[in-house]
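J.: test case, fold it:
(one chain, ligands or ions: 1)
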Amino acid sequence: MTAKTDVVVLGAGPAGVGAAIAARRYGLSVIVMDEATEAGGQVYRAPAPGLPRDTAETRPGETLRATLAASGALCRLGEIVWSITPLADGAGFRVDSLGEAGPRMVEATRLILATGAQERVVPFPGWTLPGIIGLAGATILLKSQGMAPGTATLVAGTGPLLAAVAAGILKVGGHVAAVVDIASRADWLATLPALASRPALFGRGLGWHAKIRAAGVPLLFGHVIEKAEANGAKLEITLAPVDRTGRLQDGARRRMTVDSVAVGHGLVPASDAARLLRAASDYDQARGHWQPRTDAGFRASLPGLYVAGDGAGIAGADAAFLQGQIAGLSAAADHGCAVPAEEIAALRRSASRVGTVGTAMARLSVPRRGQIAAIAPETIVCRCEDVTRAEIDRAIGEGARDINQLKSWTRCGMGPCQGRVCGDIVGALVAAGTGRARAEVGVFTARTPLRPLPVEALTGVYEYADIRLPPAAPL
Ligand SMILES: Cc1cc2nc3c(=O)[nH]c(=O)nc-3n(C[C@H](O)[C@H](O)[C@H](O)COP(=O)(O)OP(=O)(O)OC[C@H]3O[C@@H](n4cnc5c(N)ncnc54)[C@H](O)[C@@H]3O)c2cc1C
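T.: Predicted coordinates:
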């Protein structure tokens, strides 16, 4: 039997929890779904069993999980949502998932997408070698397992996760070979007004830097990884200086031998579920990413659909929690509950105030023109389908005008990750190659399944001989 509910919340991070508790306060039935086995999302990821849960870092996550548990929302954790279909006549949405209980579906009158962010890595030669992981991915390893990515790690890219990961590695006893930031000191100074508006966050950042300095870790501003080469189990890294546009400079190269690299260039909204539903989206020039179009109540362009948190535009965890509550209240109001407009307005004011740091960090991380230009022709851009920059440029030369045309010509973005890893960079390459704006070259069309999953898990085990085939049509 298909389960029915007033609201499905997809994502149990701060935005999803905020949405669930707000909708529950007005008596709506709510099912929260997440592929993680515990709520918390990326920032409040639960530590693995056996690791301490009562530390300054883990306490906020424990509070968030307790808040969700007390809300009366039904939690379906450890379930991958792989398909979402609008019901006939705008009656809501069917959500298909796969978890330990096997395939399940639920129908909801309203759907709140709180799917968070995914990380962006600007490719360089060798970025797909073993031992090289995303900066955000490294936070997962540190938080959930208390493990460093290797015995000597180079931390590179840009944004706040650089210092967070380097300090995290030092905390678990790892060695950081260097922190390499494409941003200059001047770029960071420009973010000071935003950082100063959130003293607690600023203080945390300063604490990470103090730890890094105390450990004697070299800190290189205005530098990038030019290339990584395998040398047995080690990685030979070449670092190069860049100008403010990210263009490689002629200055001296530095070489470094490490066994792991954590590299990332900021975050972009994980908008695949909204795109699957063909919800309207826009390119945010300042934050350098596509995001689903939402109104002041975080309603998307489809009736009954809401998007909140980093999935609606990168603004950070605190803003996500508040935005989630706004979306939950909007759902309750649209359901006929009497939600005071002032309650939503107050949350909106708080969300835009606390979102300034996340927004400033998103701006800092937007790939620079020269950084995109420096991607070498032989560099793999789409790692699922092994599509290189040269192949992308060739397709553009042959007339590909937008990102989906390029996808069908090169298979770029058609692999298991569905363009989640390469999509933003491919968009930048198509824009650069065609001279068109990012908004004009578009964003990858999303398709089911939203996550790779074994077909056997949906169909069950069967023998071909057992499939009852209809008799062949007469000739
Ligand atoms: C890998 C990663 C690590 C990060 N680490 C940090 C950090 O250490 N500190 C920091 O301040 N910020 C970090 N961020 C940024 C941080 O995620 C956000 O600012 C904040 O968590 C946003 O909250 P949210 O609720 O919008 O999304 P999230 O917290 O990301 O929650 C989204 C949830 O949706 C779930 N989900 C998405 N799609 C599906 C699906 N199809 N099926 C089932 N579940 C799904 C995910 O499992 C996730 O739990 C990180 C981001 C990423 C991508």
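J.: ok, V261 touching V165?
T.: No: applying C-beta atoms under 8 Å as the test, V261 and V165 come out as separate, 10.9 Å apart. Placement of C-beta: from N, CA and C, glycine included.
J.: joint contacts of those two?
T.: V155 (C-beta atoms under 8 Å, 6 or more residues apart in numbering).
J.: burial of the residue in the stretch 201-350 of the chain that the ligand sits nearest to, as a residue count?
T.: Nearest residue of the stretch 201-350 of the chain to the ligand: G309, at 2.4 Å (C-beta to the nearest ligand atom). By the criterion of other C-beta atoms under 10 Å, G309 has 35 neighbours.
J.: quick check on it: phi, psi?
T.: Backbone torsions for G309, taken as degrees, to the nearest 10, come to phi 80, psi -160.
J.: then L235?
T.: phi -120, psi 130.
J.: what sits against it?
T.: G126, L129, G131, I132, L154, A228, E229, T257, V258, D259, S260, V261.
J.: of the residues you listed, just the buried ones, PyMOL syntax please.
T.: Command for PyMOL that selects the buried part of these, burial taken from 16 or more other C-beta atoms under 10 Å:
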select buried, resi 126+131+132+154+228+258+259+260+261
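J.: ok, the contacts of L235 vs L469, which is closest?
T.: Closest approach between the contacts of L235 and L469, by C-beta to C-beta: L129, at 47.4 Å.
J.: show me the contacts for that closest one.
T.: Taking C-beta under 8 Å, 6+ apart, one finds A228, E229, A230, L235 in contact with L129.
J.: tell me which element the residue nearest to the second one when sequence neighbours are not counted is part of?
T.: By the measure of C-beta to C-beta, 6 or more residues apart in numbering, the closest residue to E229 outside its immediate chain neighbours is E236, 4.6 Å from it. E236 belongs to strand 234-241 when assigned by DSSP states H and E.
J.: can you list the buried residues in that strand?
T.: L235, I237, T238, L239, A240, P241.
J.: in the sheet, who's paired with the residue nearest the centre of the chain?
T.: Residue closest to the average C-alpha location in the chain (C-alpha atoms, centre = their mean): Q118, at 1.5 Å. For Q118, the beta-bridge assignment (DSSP bridges) gives partners V268.
J.: do you know the pLDDT at it?
T.: Q118 is assigned 95 on the pLDDT scale.
J.: how about the one 3 residues further on?
T.: If you check V121, the pLDDT there is 97.
J.: what's near enough to touch it?
T.: Neighbours of V121 in contact, by C-beta under 8 Å, 6+ apart: W127, G134, G157, V263, G264, H265, V421, I425.
J.: got it, and K227?
T.: F124, P125, G126, I237, T238, A376.
J.: max pairwise distance over the residues you listed: which two?
T.: I237 and A376 (15.2 Å).
J.: dump stretch 467-475 to CSV, keeping only the CA atoms.
T.: What follows is stretch 467-475 as a C-alpha-only set of coordinates in CSV (Å, rounded to 0.1, in the frame of the first residue of the first chain):
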residue,chain,number,x,y,z
ILE,A,467,9.1,-13.7,-17.0
ARG,A,468,5.7,-14.2,-18.6
LEU,A,469,5.9,-12.9,-22.1
PRO,A,470,2.8,-12.2,-24.2
PRO,A,471,2.5,-14.3,-27.3
ALA,A,472,4.2,-12.8,-30.3
ALA,A,473,2.0,-10.7,-32.5
PRO,A,474,0.8,-12.5,-35.7
LEU,A,475,2.9,-11.6,-38.7
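J.: quick one: it to chain centroid distance?
T.: 47 Å (C-alpha atoms, centre = their mean, to the nearest Å).
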